[in-house]
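Enquirer: Turn this into a model:
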Amino acid sequence: MGIYIPTTMADHWLKLLICVIALSNTKVNVRASEMVNITLLSNAVEKGAVCLDGSPAGYHYAKGYGDGANSWMIYLPGGGWCGRKQSCIDRVKYSPMLSSTKNITQETFGAILSPNKTSNPDFYNWNRVFIRYCDGSSFMGDVKKVDPETNLHKRGSRIFTAVIDELLSKGLKNAKNAMLTGNSAGGLATILNCDRFRALVPNANTVKCVSDSGFFIHAKNLPNAAGRERTFARVVHFHCFFPENLVADIKTPLFLLNSDFDKFQIQVNLKPHPVDNPGWVNCTRNITTCTPPQLQIIKVKGLGNNPSRGLFINSCYIHDFLYLMGRYNSQDSPKLHNKTIAQAIGDWYFNRSSVRLIDTKIDYPLDCKIGSGNFV
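Expert: All right, here's what the predicted structure looks like:
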């Protein structure tokens with residue numbers, strides 16, 4: 001026969017205390033990524049802030065909390081460019097994710113946008129914003145007239161300004177810390193809009209920019225320099241608008257994250273004209289065939305000596321780092337002076353140390369097999 005033990009209020013409080021202690025010692029499992037819904041820009045059509053196809057601009061916003069409630073990260077994604085009427089028409093037709101907000105509902109936030117404190121310790125609880133890249137010109141176009149034949153809208157600059165303006169009303173105006181960042185075409189947009197962004201958030205204590213794989217070189221001494229010049233001139237309507245010609249003039253602290261042997265630039269931007277030396281044809285198609293002198297020529301140059309500038313220049317034969325967790329912050333991430341990219345950016349942004357890391361020990365591209373995909 002069992003013994004009856006009366007339950008008292010003290011018993012209830014004891015059980016509650018035990019539960020609280022147990023919960024306090026249980027780790028909360030926060031995923032390395034999260035899905036964030038799209039927000040279509042208010043009054044986008046009236047503001048002229050529309051995508052190539054005329055659909056309203058949009059962004060994805062994860063609200064900050066805790067000590068990150070007044071810190072903001074604005075992310076500009078990559079996606080190439082279109083610099084001619086037909087290429088922009090094709091972009092609308094075949095690449096709707098890069099030319100429209102129609103049928104777009106969510107975006108994955110991972111890597112530098114990750115909500116996970118372990119994998120993204122410096123920025124996990126910031127206000128994090130991903131602006132849809134749908135203009136094809138690195139957020140630089142501002143042509144009022146719309147071609148009635150094609151219905152193409154060239155309004156990238158208006159998109160950037162209008163989104164930032166809307167975010168100011170959502171708390172960006174009270175930001176203590178702010179960062180503009182992006183990869184590839186978005187990395188270029190970060191460079192081009194860095195000082196402009198600083199001017200739009202004048203009350204923030206710290207405003208800095210981080211460009212990932214956006215340092216597109218003119219490379220006057222390499223094959224097809226004229227072709228590269230024409231390509232960028234078509235995109236930005238300015239004949240010599242290469243970051244290597246602009247980066248020295250940027251006043252806002254800028255961090256350049258790049259490979260010395262950027263795969264996209266070598267395979268696409270540096271591909272030679274047919275009449276060029278056949279040795280360059282082989283080199284750009286298969287970098288293992290490049291000679292030592294060729295490898296020295298194609299390495300990134302013109303980074304500037306501004307003391308506020310942060311650098312992480314590695315030798316991986318890849319393009320883009322910030323939107324892949326395997327490249328941004330993992331056991332296999334590129335490391336310089338034993339720092340991952342995540343650690344280097346955090347140290348630089350918060351002034352924990354000077355970060356000017358360049359791989360000077362390797363004179364050839366490394367096959368860094370460290371992940372692919374989108375925000376994983």
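Enquirer: Flag the shaky bits of the stretch 251-376 of the chain, pLDDT-wise.
Expert: Along the stretch 251-376 of the chain, segments meeting pLDDT under 70 span 269-278, 300-305, 371-376.
Enquirer: now the strands for the stretch 251-376 of the chain?
Expert: 254-259, 310-314, 356-358 (DSSP state E, counting those that start in this stretch).
Enquirer: buried set for the first one?
Expert: What that stands for is strand 254-259. When burial is assessed from 16 or more other C-beta atoms under 10 Å, strand 254-259 yields the following buried residues: Leu254, Phe255, Leu256, Leu257, Asn258, Ser259. Yep, even glycine has a C-beta here, placed from its N, CA and C like the rest.
Enquirer: closest to Cys88 among the residues you listed?
Expert: Asn258 (27.3 Å; C-beta to C-beta).
Enquirer: For the closest one, which non-adjacent residue is spatially closest?
Expert: Leaving out its chain neighbours, the residue that sits closest to Asn258 by C-beta to C-beta, 6 or more residues apart in numbering is Phe215, at 5.0 Å.
Enquirer: hang on, Met73 is in a strand, isn't it?
Expert: Yes. With DSSP: H, G, I helix; E, B strand; the rest coil as the criterion, Met73 is located in a strand.
Enquirer: State the distance from it to Tyr61.
Expert: As judged by C-beta to C-beta, to the nearest Å, Met73 and Tyr61 stand 11 Å apart.
Enquirer: What of Tyr94?
Expert: Tyr94 sits 28 Å away from Tyr61, going by C-beta to C-beta.
Enquirer: more neighbours, the two?
Expert: Neighbours per residue, other C-beta atoms under 10 Å: of Tyr94 and Tyr61, the larger number sits with Tyr61, 20 against 9.
Enquirer: Mind checking what secondary structure the more buried one has?
Expert: In three-state terms, and counting by three-state DSSP, Tyr61 is strand.
Enquirer: and it, what does it touch?
Expert: Residues near Tyr61 by C-beta atoms under 8 Å, 6 or more residues apart in numbering: Val36, Thr39, Asn127, Arg128, Val129, Leu167, Lys170.
Enquirer: Between these, which sits nearest Phe197?
Expert: Leu167 (11.1 Å).
Enquirer: Can you tell me, leaving aside adjacent residues, what's nearest to that closest one?
Expert: Once flanking residues are discounted, Leu167 sits nearest to Val129: 6.4 Å by C-beta to C-beta, 6+ apart.
Enquirer: Doesn't that neighbour lie inside a strand?
Expert: Yes. Judged by three-state DSSP, Val129 forms part of a strand.
Enquirer: Next up, the contacts around it.
Expert: Tyr59, His60, Tyr61, Ala62, Trp72, Met73, Ile74, Tyr75, Val163, Leu167.
Enquirer: ok, which pair from those residues is furthest apart?
Expert: Ala62 and Val163 (14.8 Å).
Enquirer: Turn the buried residues of strand 254-259 into a markdown table, columns for distance to Thr105.
Expert: Conversion of those to a markdown table gives the following (distance: C-beta to C-beta, whole Å):
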| residue | distance to Thr105 |
| --- | --- |
| Leu254 | 33 |
| Phe255 | 32 |
| Leu256 | 33 |
| Leu257 | 30 |
| Asn258 | 33 |
| Ser259 | 33 |
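Enquirer: quick one: Leu180 is in a helix?
Expert: No. Remark: Leu180 does not belong to a helix; assigned using three-state DSSP, it is strand.
Enquirer: What are the buried residues along stretch 81-96?
Expert: For stretch 81-96, a neighbour-count test (16+ other C-beta under 10 Å) marks Trp81, Cys82, Gly83, Cys88, Ile89, Arg91, Val92, Ser95, Pro96 as buried.
Enquirer: Sorry, slip of the keys, the one I care about is stretch 319-331.
Expert: Here stretch 319-331 shows His319, Asp320, Phe321, Leu322, Tyr323, Leu324, Met325, Gly326, Arg327, Tyr328, Asn329, Ser330 as buried, counting by 16+ other C-beta under 10 Å.
Enquirer: Just the ones in helices from those, please.
Expert: Counted as lying in helices by DSSP state H, out of these, are Met325, Gly326, Arg327, Tyr328.
Enquirer: And the residues you listed, which is closest to Thr150?
Expert: Distance to Thr150, by C-beta to C-beta, is smallest for Arg327 among these, at 37.3 Å.
Enquirer: Name the nearest residue to the closest one, sequence neighbours excluded.
Expert: Per C-beta to C-beta, 6+ apart, closest to Arg327 is Phe321, 4.4 Å.
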